[in-house]
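J.: pasting the sequence and the predicted model now:
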Amino acid sequence: MQENVAAGEEIQKQDCQVKVTFFDVGKGDAVLIETSGHQMMIDAGYDDTSDVILDYLKEQSIDRLDYLVLTHFDKDHVGGADRILKEVETEYVLQPDYVSDSGQYKEYVEAMEDEGISPNVVTTTRKLSLDGVDFLIYPPQKKDYEEDDNDFSLVISMTCGEKRFLFAGDCEKERLKELMMQNEFDLSHDVLKVPHHGRKEKNSEEFLKAVLPKIAVITSSDEKPADGEICRMLEKLGTNVYFTKDGTITCLCDGVQVSIE
């Protein structure tokens, strides 16, 4: 009986399919997650890079997003959100619990109002599932941070079969400390979207050792590259490091294996 259960679990893991696209939008975040029948977008890059995302969606005949998750409201994460909301049907929008005075944030809010969408403000840990791919969204635990915008980042842990992905927004030292102290999910993950475009924090090494990723993706640009020390830390851990400055990165996972295209 135990052997049958184990075999059944293995089949379920192999049936799990997810495609993760890390777009080349300069030093900004825009990630599309595609399961067998649904789509989630994490962040939307800059205002002037929104065509990169929209062109891809059109090429793939994707005219609907189940979720748009905005980790925080810096211009390189929320900038393209207004155009996406206007041009792509979006079922749910998830965001952290704070406001910004930036022009890009105001454009996002106006687009939400124009489309009749009310955001889901994430203040407690949220769990959801799309086609057997599980997501845990971990919100900031404080009302004030030294780094206001960045440390308000929502953090998303995604599980497909036996493989796990961590999308760490722009977390800086206070938020990284929260992640290492929390007990709501295991911090070790196979794939890491490196926080804050590869910028080094005092506790970056401790955080990277806790995650121990086999694959790391750094969203950066030639003009604003990742800190060399972060790259060396990851290489020392045996992590394969990829950079969106070299072009859009596609990651495929079947629940058992992860491959990069």
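T.: Now that the structure is in, tell me what you want to look at.

J.: okay, CA-based contacts and neighbour counts for the rest of this
T.: Will do.

J.: local confidence estimate at Gln12?
T.: The score at Gln12 is 45. That number is its pLDDT.

J.: distance of Glu178 from Pro96?
T.: 16 Å (Cα to Cα, to the nearest Å).

J.: who has more neighbours out of these two?
T.: Pro96 (24 against 15; other Cα atoms under 10 Å).

J.: any idea how far the more buried one lies from Val122?
T.: Taking Cα to Cα, one finds Pro96 at 5 Å from Val122.

J.: buried residues, stretch 54-65. List them.
T.: Within stretch 54-65, the residues that count as buried by 16 or more other Cα atoms under 10 Å are Leu54, Leu57, Arg64, Leu65.

J.: between these, which sits nearest Asp222?
T.: For the buried residues of stretch 54-65, the residue nearest Asp222 by Cα to Cα is Leu54; the value is 23.2 Å.

J.: what is in contact with Pro96 and Val122 at once?
T.: When Cα atoms under 8 Å, 6 or more residues apart in numbering defines a contact, the residues bordering Pro96 and Val122 alike are Pro139.

J.: and the residue nearest the centre of the chain, bridged to which residues?
T.: Nearest residue to the geometric centre of the chain (Cα atoms, centre = their mean): Phe167, 3.7 Å. Partner residues in beta bridges with Phe167, using DSSP bridges, are Ile156, Lys193.

J.: correct me, but it touches His197?
T.: No - between Phe167 and His197 there is no contact under Cα atoms under 8 Å: 11.4 Å.

J.: low-confidence bits of the stretch 101-250 of the chain, can you list those?
T.: By pLDDT under 70, the stretch 101-250 of the chain contains no weakly predicted segment.

J.: all helices of it, in order?
T.: For the stretch 101-250 of the chain, the helices defined by DSSP state H, counting those that start in this stretch occupy 103-115, 148-151, 173-181, 204-211, 228-236.

J.: how about Phe165, what does it touch?
T.: By Cα under 8 Å, 6+ apart, Phe165 lies in contact with Ser157, Met158, Thr159, His189, Asp190, Val191, Leu192, Lys193.

J.: repeat that with 10 Å
T.: Contact analysis of Phe165 by Cα atoms under 10 Å, 6 or more residues apart in numbering lists 20, 135, 156-159, 188-193, 211, 213, 215-216.

J.: next one: Gly247
T.: Residues near Gly247 by Cα under 10 Å, 6+ apart: Phe22, Phe23, Asp24, Val25, Gly26, Thr219, Ser221.
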